[in-house]
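Asker: Next one to model:
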Amino acid sequence: MDGGFRFFPEQASTTAASIDDIVFYLLAVTTVMTGLVFFLVLVFCAKYRRRPGRETGVQVKPNPWLEATWIGVPIVLVLIMFFWGASAYFPIYRAPSNSLDVYVVARQWMWKLQHAEGAPEINELHVPLGRPIRLTMTSQDVIHSFYVPAFRVKQDVLPGRYTTIWFEPKKLGEFHLFCAEYCGSKHSGMVGKIVVLPPAEYERWLSGGISQGSLASGGHRLFLSLGCANCHTEAADARCPNLVRLYGSAVRLQGGGEVTADESYIRESILDPTAKVVSGYQPIMPSFRGRVSEEELIQLVAYVKSLGPTRETGRDK
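Answerer: Have a look, this model is predicted:
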């Protein structure tokens, strides 16, 4: 990273410039409008102050054009904020289909990051330059917030559910990672870094860090050891739904309605299988709450994802 004092962090991701442009526009509008209000207050205080011979105010006849102007101009400025912000918001929360998956588990007071290929990291994340990185995150205790100022990335990390966000680094180097949500007495020490490497160097680093296989392979072993394969089969008379090509598909539920089989749905189905029962099946699956850790849940989710070719890239609700 470049040294020296900065009013703003460097723009190290593909979306950082667009976020900064919106921030600069908001700063310009609020500065001009605040200055105008204070200026008019001073002018009116001096011009219409109480003085001898002018004890009673004069009724002023409204000017329609003036009223239309001070109503219309703020509306236009606010609409620009809305549509400009929306145009930046939707791309940021819809990861490209070629994104690399990284799973994040936050806890007091550390970040555990797991690559889909299997390499785990603590308070560090190595990523390749010029490749979108999709983060699927959860917390083991309280609310945290994954914040990388140089990438203009900030997303709450919540216990009991998944949240996702993505970024694409455009500069090599190391960039600060913070927790931006007060999470306890050692909140200020919950820091880390993102290390952006050239693609070839990243591949060498990744291959040197794999020791126990990919997340999907670990999830497959866990799937078998928990006895899930006894019910989730491709047989026509299977007692539980077939998981092949499940991820990203629309699932019909008992009582009507559909839900997309994303990470959050798979996680919920493991911990609370009666919450959304698939149409045509009985709620016979036991809950695995307390029997599997967050890391093991991530492995099971990765395994189910590996069985299907489709991918849901929208933001988790």
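Asker: Check which strands are paired with the helix or strand hosting K193 and give the direction for each one.
Answerer: Using DSSP states H and E, K193 sits within strand 191-197. Strand 191-197 has its sheet partners listed here by DSSP bridges as strand 124-128 (parallel), strand 173-179 (antiparallel).
Asker: in the last one, what's buried?
Answerer: Looking back up the chat, that one is strand 173-179. Neighbour-count burial for strand 173-179, with 16 or more other CB atoms under 10 Å as criterion, is recorded at 173, 175, 177-179. Where C-beta positions appear, they are placed from N, C-alpha and C, glycine not excepted.
Asker: a markdown table for those residues, including pLDDT and distance to R267?
Answerer: Listed next are the buried residues of strand 173-179 as a markdown table, based on pLDDT from 0 to 100; distance: CB to CB, whole Å:
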| residue | pLDDT | distance to R267 |
| --- | --- | --- |
| G173 | 92 | 34 |
| F175 | 94 | 29 |
| L177 | 94 | 24 |
| F178 | 94 | 26 |
| C179 | 94 | 22 |
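Asker: For those residues, give me TSV that also has distance to C228.
Answerer: What follows is the buried residues of strand 173-179, written out as TSV (distance: CB to CB, whole Å):
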residue	distance to C228
G173	43
F175	39
L177	34
F178	38
C179	34
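Asker: could you say what helices and strands the helix or strand hosting I22 packs with?
Answerer: With elements taken from DSSP H and E, the one containing I22 is helix 16-47. Helices and strands touching helix 16-47, by 3 or more CB pairs under 8 Å, 6 or more residues apart in numbering; DSSP states H and E, are helix 64-92.
Asker: averaged over its residues, what pLDDT does the helix it packs on have?
Answerer: If you average the pLDDT over helix 64-92, you get 90.
Asker: Report the inter-axis angle for that helix versus helix 16-47.
Answerer: 160 degrees (axes from the mean of the first three to the mean of the last three CA atoms, to 10 degrees).
Asker: ok, back up a step: do you know which of the strands paired with strand 191-197 lies nearest L66?
Answerer: Nearest to L66 among the strands paired with strand 191-197 is strand 173-179 (47.4 Å), distances taken as CB to CB.
Asker: List the contacts of that closest one.
Answerer: Here strand 173-179 makes contact (CB atoms under 8 Å, 6 or more residues apart in numbering) with 1, 12, 106, 109, 111, 123, 125, 144-151, 169, 187, 190-196.
Asker: And the lowest-mean-pLDDT helix or strand in the chain, what's buried?
Answerer: One helix or strand of the chain scores below all others by mean pLDDT, DSSP states H and E: helix 199-209, with a mean of 83. For helix 199-209, burial by neighbour count (16+ other CB under 10 Å) applies to 202, 206.
Asker: The chain should start at 861 in everything you say after this.
Answerer: Okay, using 861 as the starting number, the last item reads as helix 1059-1069.
Asker: Name the next helix or strand following it along the chain.
Answerer: Counting by DSSP H and E, what follows helix 1059-1069 is helix 1075-1085.
Asker: Flag every buried residue along that next one.
Answerer: 1075-1080, 1082-1083.
Asker: Q968 is in contact with V1002, correct?
Answerer: Yes: using CB atoms under 8 Å, V1002 is in contact with Q968, at 6.8 Å.
Asker: joint contacts of those two?
Answerer: 1043-1044.
Asker: coming back round to it: quick check, nearest of the buried residues of strand 1033-1039 to R909?
Answerer: F1038 (50.4 Å).
Asker: mind checking how far that closest one is from L900?
Answerer: Between F1038 and L900 the distance is 40 Å, computed by CB to CB, to the nearest Å.
Asker: now E1034
Answerer: Taken as CB to CB, the span from E1034 to L900 is 49 Å.
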